[in-house]
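Engineer: any chance you could fold what I've pasted below:
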Amino acid sequence: MGTIDQERVAAELELLRRLGPRLSGSAEHAALVEHIAADLRGAGLVVAEDRHRFTRWDPPAAPRLTAGGRAVPIASVFPYSGAGRVRGPLVRVRRGRWSAARDAIAVVHVRNRELPLDAIVPVWKGSAPWGALAHPLIAATLAGLGLGRAKRAGVRGVVFVWKGLTEDAARGQYVPFTLPYQDIPAVFVTEDVAGDGELDVPADLVDAEMKTVWTVVEGTSAPRETVLVVTHTDGTNEVEENGHIAMLAMARDLVRTPPRRTVVLAFVAGHLRIPAVSDHGQAASRWLADHPELWRGRAVAGLGVEHLGAVAPDLLYASTAAMRDLVAAHWSGTTPLRVSKPGPLIQFGEGEPLHQAGIPTISLVSSPVGLLSTEPQPVDLDLLHRHVDSFRALLRRCDEADDLGVVEPAGAWDKAKAVGRIAVKLPGALR
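Structural biologist: Got it, this is the predicted structure:
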């Protein structure tokens, strides 16, 4: 397999830094996709593509909030919330009682509490259970679910006030990112506001397009069987998303040493704008739905490659015991090694659609607090190198292994038990 090309890795990271945020369908996103496609073609591979048209919400360059005539710093704008300038009294809303802020600007506290991660992310035997996790994505998503009700209640705009998140950590958070367009301007701040307010979110709604690209490397002796490898290309910083770095290294490996099975490398678009490509799951859900000929009745294994070198414990999923054993033998990441199982209710990341399709899968989706920040983020370069080499080794093992296990779909009883665990653990965390 050879050692990793560290100069190539450094060049890819520098490209991500230079491009900055690659929000779905933006010029920066398109530039990264074209770079990936050119690299694959340069290796002698044929690149296929899907084009997705959608309405893009462009973040405003200069959002503005005033309270009592005083300018209030905005940590971030709620993605795809709304656009325009609204005025009115700033009214504190508690427990979702949006009617209290009719014809006003609602002020809602968002507490970045620690939540029991082990309630939704189980682990394989021999791995330590997950502890509590406080992540702004979870808190912002839960808070954002109320925006539709706010709009219907006649609220003019919403100011979400972070509690339990520092000013530095709050800055640039592109959260939440899974909700449809809300048509009501909303922002996040880190200080309480009161008095008469004015909120200006001069965002644009434009027709846009983004591309998913993939390449197929034909197998030599078992071409009907496929191994799928997926990442996404839209992202916010050097960690989210950098999975293409490992996959381009895999592509070069496959050209040098053709695989026994057919390998499909897919670089999907839409992770940061899932409603534009799918009404459920992840961005890869759309790609799987569009191309069943590449996996249905053919796929024997899958890899989900995300967040290489993230400064956080590895959140590494294995969907069968055989895949867990491959991880134990070939993974070099953060220590101690913890191997998670896909939960009955949820699995994070683009490996989830592969698992839902019944494909034995290993996927990495580590989640530092700054994962979705548009501010530059640290990358552990040594860890990234080990992540890349681990995925390269796992791809070879998936190509060679005779039996990678059978995915056991979660039944109604499994889901009911998971709901029960959450019901027991979550209320205490939310007090």
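Engineer: quick one, strands of the stretch 1-150 of the chain?
Structural biologist: Along the stretch 1-150 of the chain, counting by DSSP state E, counting those that start in this stretch, strands occupy 47-58, 64-67, 70-71, 76-77, 84-92, 105-111, 115-116, 132-133.
Engineer: just give the strands next to the first one in its sheet, each with its orientation.
Structural biologist: The reference is to strand 47-58. strand 204-217 (antiparallel) (DSSP bridges).
Engineer: okay, buried residues for the strand it pairs with please.
Structural biologist: 208, 210, 211, 212, 213, 214, 215, 216, 217 (16 or more other C-beta atoms under 10 Å). Yep, even glycine has a C-beta here, placed from its N, CA and C like the rest.
Engineer: dump those residues into TSV; add pLDDT and distance to residue 230 as well.
Structural biologist: Putting these into TSV (pLDDT from 0 to 100; distance: C-beta to C-beta, whole Å) gives the following:
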residue	pLDDT	distance to residue 230
208	98	22
210	99	16
211	99	15
212	99	10
213	99	12
214	99	9
215	99	12
216	99	13
217	99	15
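Engineer: quick one: those as TSV, columns for distance to residue 383 too.
Structural biologist: Shown next, in TSV, are these (distance: C-beta to C-beta, whole Å):
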residue	distance to residue 383
208	34
210	29
211	30
212	28
213	27
214	27
215	27
216	30
217	27
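Engineer: what sits closest to residue 370 if chain neighbours are left out?
Structural biologist: residue 377 (4.8 Å; C-beta to C-beta, 6 or more residues apart in numbering).
Engineer: go ahead and confirm the one you found touches residue 367.
Structural biologist: No. Using C-beta atoms under 8 Å as the test, residue 377 is too far from residue 367 to be in contact (11.8 Å).
Engineer: tell me where the stretch 251-400 of the chain is predicted with low confidence.
Structural biologist: The stretch 251-400 of the chain contains no residues with pLDDT under 70.
Engineer: per the record, what domains does the chain have?
Structural biologist: 6-57+207-400, 60-202 (automatic domain parsing).
Engineer: so how far is residue 86 from the residue lying closest to residue 229 once chain neighbours are set aside?
Structural biologist: Using C-beta to C-beta, 6+ apart and skipping the chain neighbours, the partner closest in space to residue 229 is residue 303 (4.6 Å). Separation of residue 303 from residue 86 (C-beta to C-beta, to the nearest Å) stands at 46 Å.
Engineer: cool, and residue 266?
Structural biologist: 41 Å.
Engineer: please say which of the two ends up with more neighbours.
Structural biologist: Ranked by neighbour count (other C-beta atoms under 10 Å), residue 266 and residue 86 place residue 266 first, with 25 against 19.
Engineer: for the helix or strand encompassing that one, which outside residues touch it?
Structural biologist: Under the criterion of DSSP states H and E, residue 266 resides in strand 261-268. Identification of contacts with strand 261-268 by C-beta atoms under 8 Å, 6 or more residues apart in numbering yields 33, 36, 40, 212-219, 222-233, 244, 247, 250-251, 254, 283-284, 286-287, 294-295, 298, 300, 350, 395, 398-399.
Engineer: buried among those? Need that as a selection in ChimeraX.
Structural biologist: Command for ChimeraX that selects the buried part of the contacts of strand 261-268, burial taken from 16+ other C-beta under 10 Å:
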select :33,36,40,212,213,214,215,216,217,219,225,226,227,228,229,230,231,232,233,244,247,250,251,254,283,284,286,287,294,295,298,300,350,395,398,399
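Engineer: list the buried residues of stretch 124-134.
Structural biologist: For stretch 124-134, by 16+ other C-beta under 10 Å, it's 124, 127, 130, 133, 134.
Engineer: need phi/psi at the second one.
Structural biologist: Think residue 127. phi -100, psi 140 (degrees, to the nearest 10).
Engineer: tell me who's in contact with it.
Structural biologist: 337, 338, 339, 340 are the contacts of residue 127 under C-beta under 8 Å, 6+ apart.
Engineer: also the third one?
Structural biologist: Contact criterion C-beta under 8 Å, 6+ apart gives 117, 118, 121, 123, 338, 340 as the residues in contact with residue 130.
Engineer: pLDDT wise, what is it at?
Structural biologist: As predicted, residue 130 sits at a pLDDT of 97.
Engineer: how many other residues sit next to the closest residue to it other than its chain neighbours?
Structural biologist: Among residues not flanking residue 130 along the chain, residue 117 sits closest, at 4.0 Å (C-beta to C-beta, 6+ apart). Residue 117: 19 surrounding residues under other C-beta under 10 Å.
Engineer: make 40 the first number, not 1, from now on.
Structural biologist: All set: I'll call the first residue 40, so the last point we hit is now residue 156.
Engineer: distance of residue 156 from residue 354?
Structural biologist: 9 Å.
Engineer: what do you get for residue 278?
Structural biologist: 13 Å.
Engineer: same thing with residue 414?
Structural biologist: 21 Å.
Engineer: those two: who's more crowded?
Structural biologist: Between residue 414 and residue 354, residue 354 has the larger neighbour count (other C-beta under 10 Å), namely 22 against 15.
Engineer: phi, psi of that one?
Structural biologist: Torsion angles, degrees, to the nearest 10, at residue 354: phi -100, psi 100.
Engineer: that one touches residue 410, doesn't it?
Structural biologist: No. In this structure residue 354 lies outside contact range of residue 410 using C-beta under 8 Å: 10.6 Å.
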